[in-house]
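For reference, the sequence and a predicted model appear below.
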Amino acid sequence: MSRIFFVGATGKVGHRLLPQLIAQGHKVTALHRKPEQAEKLAAQGATPVQGDMMELTGSDYETLLKGHDTIIFSAGAAGSGKERTGKIDGETPPLLAKIGLEVGVKRFYLVSAFPESARNDNLGEGFEYYMKVKKEADAKLVKSALDWVIVRPGTLLDEEADNKVSLDYALTYGKVKRGNVANTLAALIAQPAITRQILELTDGDEAITDAIGRITTA
Ligand SMILES: NC(=O)c1ccc[n+]([C@@H]2O[C@H](COP(=O)([O-])OP(=O)(O)OC[C@H]3O[C@@H](n4cnc5c(N)ncnc54)[C@H](OP(=O)(O)O)[C@@H]3O)[C@@H](O)[C@H]2O)c1
């Protein structure tokens, strides 16, 4: 049983992952920014804690992270501007890793982005900046002394899981159902032997359980 600090539990990946973490027997603290989200998170079995990443400081995180051994970060600024993207996608994961290490956290699961996402789609400067800071956050986390796993999903589809994926160290670009991302994260978290890995993820034709088993024994 892990004591998980979950950032992004109310998101489209996060809300699909949270019940699975509870079902695995973990104790989950869920950071949320809107007061009205607390009731649902508590009903799902998490301990809600309110806070906005745009405002939280290092010392706030030190207080919040105490007593946890695992961080899951599936949050994102979702194209809400450069300042928010820089803070949420870029600065917060390495800050959590640094402070987490100081207060006894052991593991960090980070949802990043597939490097070839939207190539040639001309999504503009904001998207390029998002990809840049996501990569910078990955680069900082891999230098951390924590046990980390970075998952890089392709473009997310708002669809439920069919549990068929491609999961590997390098893949050709593709899209992936958010349900499959949540289920893959749940399976990774249930398999702590997988550590210090960057894994790319798209929809595919291998069962998640088989993919996780293959990577565990790689
Ligand atoms: N979109 C794509 O195609 C794509 C592709 C690859 C990777 N990703 C990454 O996949 C991850 C999950 O995506 P998703 O679709 O689940 O995202 P999402 O639905 O937009 O969820 C984002 C989460 O972050 C939280 N959040 C945002 N700003 C916050 C703040 N200032 N303080 C506290 N919480 C905040 C949101 O809370 P609220 O409920 O309050 O909004 C929500 O829980 C993200 O890291 C994203 O960058 C996305």
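Yep, that arrived.

now whichever residue of the chain sits closest to the ligand, what's its secondary structure?
Closest to the ligand within the chain is G11: 2.3 Å, counting by Cβ to the nearest ligand atom. All C-beta spots, glycine's among them, are computed from the backbone N, C-alpha and C. Here G11 is recorded as coil under DSSP: H, G, I helix; E, B strand; the rest coil.

number of nearby residues for it?
Counted by other Cβ atoms under 10 Å, the residues lying close to G11 total 18.

for the nearest residue to it once chain neighbours are set aside, what are its contacts?
In space, and not counting its chain neighbours, G11 is closest to S74: 5.9 Å by Cβ to Cβ, 6 or more residues apart in numbering. Listed by Cβ atoms under 8 Å, 6 or more residues apart in numbering, the contact set of S74 reads 6-9, 11, 13-14, 17, 111, 185.

can you pull out the strands in the protein?
In the chain, the strands defined using DSSP state E lie at 3-7, 27-32, 47-50, 70-73, 107-111, 147-153, 155-157, 164-168, 175-177, 197-203, 206-207.

export those to CSV and tack on mean neighbour count?
Shown next, in CSV, are the strands of the chain (neighbours: other Cβ atoms under 10 Å):
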stretch, mean neighbour count
strand 3-7, 25
strand 27-32, 23
strand 47-50, 16
strand 70-73, 25
strand 107-111, 23
strand 147-153, 22
strand 155-157, 17
strand 164-168, 20
strand 175-177, 21
strand 197-203, 20
strand 206-207, 15
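
could you redo those as a markdown table and give each row mean pLDDT?
Shown next, in a markdown table, are the strands of the chain (pLDDT from 0 to 100):
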| stretch | mean pLDDT |
| --- | --- |
| strand 3-7 | 98 |
| strand 27-32 | 98 |
| strand 47-50 | 98 |
| strand 70-73 | 98 |
| strand 107-111 | 98 |
| strand 147-153 | 98 |
| strand 155-157 | 96 |
| strand 164-168 | 98 |
| strand 175-177 | 97 |
| strand 197-203 | 98 |
| strand 206-207 | 98 |
